[in-house]
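Visitor: predicted model, plus sequence, below.
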Amino acid sequence: MAGLRRDADGCAPAGAPYGMLRHGLRTGVVRWLLERVPTPRRNPFTLGYLAVVGATTTFAGLADPELVQRLQEASSSDGHNLLQHPVRALVLSGFWVAGEVWMPYLWGFAFTLAPLERKVGPARAAAVFAAGHVAATLLSQGVVILAVETGRMAPEAMDHLDIGVSYGVLACLGAVAGLLSWPGRLLALGGAGLMIAEQIASDKDVVTAVGHPAAVLTGVALWRWLRRIERRPPRSRTATVGAAPARGGARVRTAR
């Protein structure tokens with residue numbers, strides 16, 4: 001092999017190709033990992049949203065509890081707020097996390113929203129996130145409103161705090177599964193199904209039981225749209241190689 005050091009007899013030292021193979025595997029794995037680390041250039045929406053959620057979580061931990069409660073109640077997408085202030089409730093409810101711990105959402109974004117954004121771009125990833133958040137919120141709270149109207153649930157159910165980013169994260173999980181190979185797709189959807197089943201069994205909450213499966217199915221419903229975008233060839237900004245020069249000194253047209 002070219003570039004290998006040789007001994008006095010002109011032979012390559014024993015084990016050198018295997019050492020180079022190990023080095024190549026190590027550098028390949030490192031490169032693969034670095035290409036998937038979120039950066040401001042590759043994942044502006046993911047990192048920007050994480051910054052907002054991190055700021056609201058920090059504020060919730062440091063500010064006066066009564067003030068935090070009032071702000072979260074005003075941002076909640078519960079049935080009462082959806083009937084009176086639907087736009088405000090749908091938008092602001094996605095800027096808080098349910099609980100005081102922010103780190104699990106960092107991993108959730110890293111394994112769902114970030115890879116989706118790398119594949120389809122920030123605008124379309126944001127559209128998937130928003131679609132899952134809105135669709136799952138409306139469906140789950142619609143069930144609550146209907147149950148209250150028919151007398152199957154107490155009226156207080158329409159005032160239960162409903163905030164968080166889980167609908168958007170699960171929608172991105174369902175969406176990115178459609179861009180994976182069949183084994184990866186089954187693993188992603190199977191893991192989501194097991195997690196949702198465990199939550200339903202432990203929480204016994206109507207909103208969770210309806211909203212989380214609805215969010216995943218919203219992402220699955222967008223598979224065809226996302227695959228069409230992923231397969232679209234990128235625009236070339238270089239001039240066509242070997243093209244004949246234009247007459248009259250005109251510039252060569254670039255392929256777009």
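Guide: Alright, I've got the coordinates.
Visitor: and stretch 52-60, how far out from the chain middle?
Guide: 19 Å (C-alpha atoms, centre = their mean, to the nearest Å).
Visitor: contact partners of it?
Guide: Identification of contacts with stretch 52-60 by C-beta atoms under 8 Å, 6 or more residues apart in numbering yields 68, 72, 95-97, 100, 102, 105, 165. All C-beta atoms are positioned from the backbone trio N, CA, C, and that covers glycine.
Visitor: also stretch 200-209?
Guide: The contact list for stretch 200-209 (C-beta under 8 Å, 6+ apart) reads 140-141, 143-144, 147, 153, 157, 160, 162, 199, 212.
Visitor: rerun that using 10 Å as the cut-off
Guide: Stretch 200-209 has contacts (C-beta atoms under 10 Å, 6 or more residues apart in numbering) with 77-79, 136-137, 139-141, 143-144, 147, 152-153, 157, 160, 162, 166, 196-197, 199, 210-213.
Visitor: contacts only, for R224.
Guide: Contacts of R224 were listed using C-beta under 10 Å, 6+ apart, and they are G178.
Visitor: quick check: it vs G178, distance?
Guide: To G178, R224 is 8 Å away according to C-beta to C-beta, to the nearest Å.
Visitor: contacts only, for the most centrally placed residue in the chain.
Guide: Nearest to the mean C-alpha position of the chain, by C-alpha atoms, centre = their mean, lies L113 at 1.5 Å. For L113, the contact set (C-beta under 10 Å, 6+ apart) comprises 38, 43, 45-47, 49-50, 105, 122, 125-126, 128-129, 165, 168-169, 171-173, 175-176.
Visitor: cool, I229 as well?
Guide: 119-121, 124, 179, 222.
Visitor: can you pull the pLDDT of A221?
Guide: Looking at A221, its pLDDT is 97.
Visitor: test my guess that it contacts A177.
Guide: No: A221 is not in contact with A177 according to C-beta atoms under 10 Å; the separation is 12.0 Å.
Visitor: right, I'll call it a day here.
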